[in-house]
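Novice: missing the sequence, but the structure's below:
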Ligand SMILES: Nc1ncnc2c1ncn2[C@@H]1O[C@H](COP(=O)(O)OP(=O)(O)OP(=O)(O)O)[C@@H](O)[C@H]1O
């Protein structure tokens, strides 16, 4: 991305995701108001910003787990607005989810199989289709084992997901997301709750995904991680993109420093401080 100017909404040479005018409000609060955002194919792009900036909401909107009030976006040139999460995933854009209570009561392998494409379920198929389904299940199981091996979880395949450590859960979330062989993977706080010993391993997996051609978009709070592995960083504050650029651009950006300083103050002051007077000027 040499030569791409570090300004909000800047066009990228080969964007995999292009979003325009994406807005979502909750009551009187505008959680997301992104004028234009492009994600370059084959990069690790970080989405950062103070608490409540709208990062999770934007993730939910783009991946079909929440509905926009306005806006449109394309992924691989295809319009995805209005599609639910499963259809978005089938189009090649998946996100990780924190393992919910229900999932922690399933084994590691069951978690993987649930994330497989074409979860039709045997019961609803006619008898003549069952062999097809079995063949597909066999293929899913094989893929799941390969992925568990890659993420060093194969030995745990029959254990309850709830028995895994924080870091192993993150690895399982990543492995689950890869069951559909996505071209873009979106990671929601991949380092949260991870033991420092596993951080390097997780970072290695994330860069490996990029190196094999996948696009990674991730939300994270750990600045060392963000600055260490991102090719590009997008900064949200109060729902708007207030800055984007390479790590060196972001580190030197006064608006970003201000937005984070605002968030770092007393929680009760946060709304009046975080980016209100600085967020508008770039839009
Ligand atoms: N379902 C909802 N109902 C009402 N308000 C919501 C809902 N989801 C998010 N919000 C609000 O929208 C704003 C953006 O929230 P969001 O969770 O997207 O921020 P975030 O940047 O992901 O924050 P964090 O870093 O703390 O996870 C917040 O003010 C939040 O309270």
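Specialist: Yes, it's here. Since we're looking at a predicted model, the values are computed, not measured.
Novice: shaky segments in the stretch 101-250 of the chain?
Specialist: In the predicted model, the stretch 101-250 of the chain carries pLDDT under 70 at residues 101-102, 118-133.
Novice: What residues does the protein have near the ligand?
Specialist: Counting by CB under 6 Å from any ligand atom, the chain comes close to the ligand at 26, 29, 31, 49, 51, 52, 53, 54, 55, 56, 57. For the C-beta atoms, the positions are set from N, CA and C on the backbone; glycine is no exception.
Novice: will you turn these into JSON lines that also has pLDDT?
Specialist: Below are these laid out as JSON lines (pLDDT from 0 to 100):
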{"residue": "26", "pLDDT": "96"}
{"residue": "29", "pLDDT": "95"}
{"residue": "31", "pLDDT": "97"}
{"residue": "49", "pLDDT": "92"}
{"residue": "51", "pLDDT": "90"}
{"residue": "52", "pLDDT": "92"}
{"residue": "53", "pLDDT": "94"}
{"residue": "54", "pLDDT": "95"}
{"residue": "55", "pLDDT": "94"}
{"residue": "56", "pLDDT": "92"}
{"residue": "57", "pLDDT": "94"}
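Novice: those strands in the stretch 51-200 of the chain, which residues are they?
Specialist: Counting by DSSP state E, counting those that start in this stretch, the stretch 51-200 of the chain has strands at residues 70-75, 78-79, 93-95, 184-188.
Novice: Is it possible to get a markdown table of these that adds mean neighbour count?
Specialist: Shown next, in a markdown table, are those (neighbours: other CB atoms under 10 Å):
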| stretch | mean neighbour count |
| --- | --- |
| strand 70-75 | 17 |
| strand 78-79 | 10 |
| strand 93-95 | 25 |
| strand 184-188 | 23 |
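Novice: Selecting buried members of the residues of the chain next to the ligand in PyMOL, what would you type?
Specialist: The following PyMOL line selects those of the residues of the chain next to the ligand that are buried, judged by 16 or more other CB atoms under 10 Å:
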select buried, resi 31+49+52+53+54+55+56+57
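Novice: farthest pair in the residues of the chain next to the ligand?
Specialist: Greatest spatial distance among the residues of the chain next to the ligand (CB to CB): 26 and 49, at 16.8 Å.
Novice: quick one: contacts for the closest residue to residue 106 other than its chain neighbours?
Specialist: Distances taken as CB to CB, 6 or more residues apart in numbering put residue 161 closest to residue 106, at 6.0 Å, once the chain neighbours are dropped. Residue 161 is in contact with 99, 103, 104, 105, 106, 107, 108, 111, 169, 172, counting by CB atoms under 8 Å, 6 or more residues apart in numbering.
Novice: Show the buried residues in those residues.
Specialist: Buried among the contacts of residue 161 (16+ other CB under 10 Å): 99, 103, 106, 107, 108, 111, 169, 172.
Novice: closest to residue 42 among those?
Specialist: Distances from residue 42 to the buried ones among the contacts of residue 161, taken by CB to CB, are shortest for residue 172, at 24.9 Å.
Novice: Let me see the contact set for the closest one.
Specialist: By CB under 8 Å, 6+ apart, the neighbours of residue 172 are 99, 108, 111, 112, 151, 153, 161, 164.
Novice: pretty sure residue 103 is touching residue 113, no?
Specialist: No - counting by CB atoms under 8 Å, residue 103 stays clear of residue 113, with 11.8 Å between them.
Novice: Where do the domain boundaries of this structure fall?
Specialist: 1-92+183-283, 105-181 (automatic domain parsing).
Novice: For the stretch 1-150 of the chain, which segments count as helices?
Specialist: 55-62, 85-90, 101-104, 108-114, 130-150 (DSSP state H, counting those that start in this stretch).
Novice: Out of the ones you listed, which is the most enclosed?
Specialist: Highest mean neighbour count of the helices of the stretch 1-150 of the chain: helix 55-62, a mean of 23 (counted as mean count of other CB atoms under 10 Å).
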